[in-house]
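**Q** would you be able to build a 3D model of this:
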Amino acid sequence: MVAGYNGQNGGSPFTGNIENKLGGTITVKGKKSIGMYGTQAGTTVTNSGTINLAEDNAIGMYLDNGATGINQASGVIQTVAKSDGSMPIGAIGVVLKNGSVIKNYGQIIINSAGGSAIYNDKGDLTNSTTGTTTVSGGAKAVDEYVALPTSVGSSGPSGTQLEAPAGVSAPTVLIGGIVQPITATNITTPQGTTDMLYMNGVGIYIDTLEQLIQLLA
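**A** Here you go, the predicted model:
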C-alpha cells in the first residue's frame, strides 16, 4: 500500500492517505518488501489491523520525507514464521526517515536477529512511546542510524588518519602513522547489504573499528 509521491522525473510531489482497517491483514512475504509506504509531509499511513512480516528484511511501515504513520490501539505490526518455519532475519516494524513521524498506540512485536521495532534515520520519535514494543531474538527496540565522518586530513578514532589531497584518485589511510591497505566493505541498511566498490564516489567514512567505509550520498 502506497501513499504520496516524491515527484521524480519531472512530476510534482503529492500527498495521500492509506489505512489498513480494523480486521485487515497485510502479510509481507517478499524479501526486502514493505507492507505500507508513505512519503511527503501531509501524508498519513494508518494501521488499525495487522501487518505480518514473514520474510527476511521485511518492513511493516516505511515513512519518508515528513510522512506520519499511526499504529492505532488495535494495530499490530509483528514478525511471523517464514514458510520454512524459521523467523525472519533483519525484519523492521517501522522505518523513519527525513523528518517522518510515528505515533504508536498499538503493538510492535519483532522477533528477528538483526531486526528492530523502529529504525530511525532523522525521523521523529516524540510520539512513539504510547504503545508497546516487544523485541526478542536479537532485535532492538530502536535502531538509530549514525554516521561517523572523519574530515579529510584529520585524525579519526585511535589515531586513524585519512589523507586525500586534491588531484589524488585514491586516499591514504594511516593508523599510528603506518599506511593501511584499503578493502571494499559491505554496508548494511534496512533494505539489505550492499557491496560498496572501492572509490565508487561519494562519501568516505572511517568507523570505530578503523575500517574504511564508503557510503552513497
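**Q** C-alpha from now on. contacts and neighbour counts both.
**A** OK.
**Q** count of neighbours near the nearest residue to Lys82 once chain neighbours are set aside?
**A** In space, and not counting its chain neighbours, Lys82 is closest to Ala54: 4.9 Å by Cα to Cα, 6 or more residues apart in numbering. Neighbours of Ala54 under the rule other Cα atoms under 10 Å: 26.
**Q** Ala54 reaches Pro88, doesn't it?
**A** Yes: Ala54 is in contact with Pro88 according to Cα atoms under 8 Å; the separation is 6.2 Å.
**Q** for these two, list the residues in contact with both.
**A** Common neighbours of Ala54 and Pro88, counting by Cα atoms under 8 Å, 6 or more residues apart in numbering, are 79-82.
**Q** which of those ranks first by neighbour count?
**A** Thr79 (31 neighbours).
**Q** give me the below-cutoff pLDDT ranges for this protein.
**A** Counting by pLDDT under 70, the chain contains low-confidence residues at 1-14, 128-129, 146-217.
**Q** rerun that using 50 as the cut-off
**A** 1-4, 148-160, 162, 184-189, 191, 193-217 (pLDDT under 50).
**Q** and Ile59, what are its bridge partners?
**A** Ile34, Ile92 (DSSP bridges).
**Q** can the shared contacts of Ala54 and Pro88 go into JSON lines with extra columns for secondary structure and distance to Ile18?
**A** Formatted as JSON lines, the shared contacts of Ala54 and Pro88 follow (DSSP: H, G, I helix; E, B strand; the rest coil; distance: Cα to Cα, whole Å):
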{"residue": "Thr79", "secondary structure": "strand", "distance to Ile18": "22"}
{"residue": "Val80", "secondary structure": "coil", "distance to Ile18": "23"}
{"residue": "Ala81", "secondary structure": "coil", "distance to Ile18": "26"}
{"residue": "Lys82", "secondary structure": "coil", "distance to Ile18": "26"}
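**Q** and Asp56, what element?
**A** Counting by DSSP states H and E, no helix or strand carries Asp56.
**Q** correct me, but it touches Thr79?
**A** No: counting by Cα under 8 Å, Asp56 stays clear of Thr79, with 9.9 Å between them.
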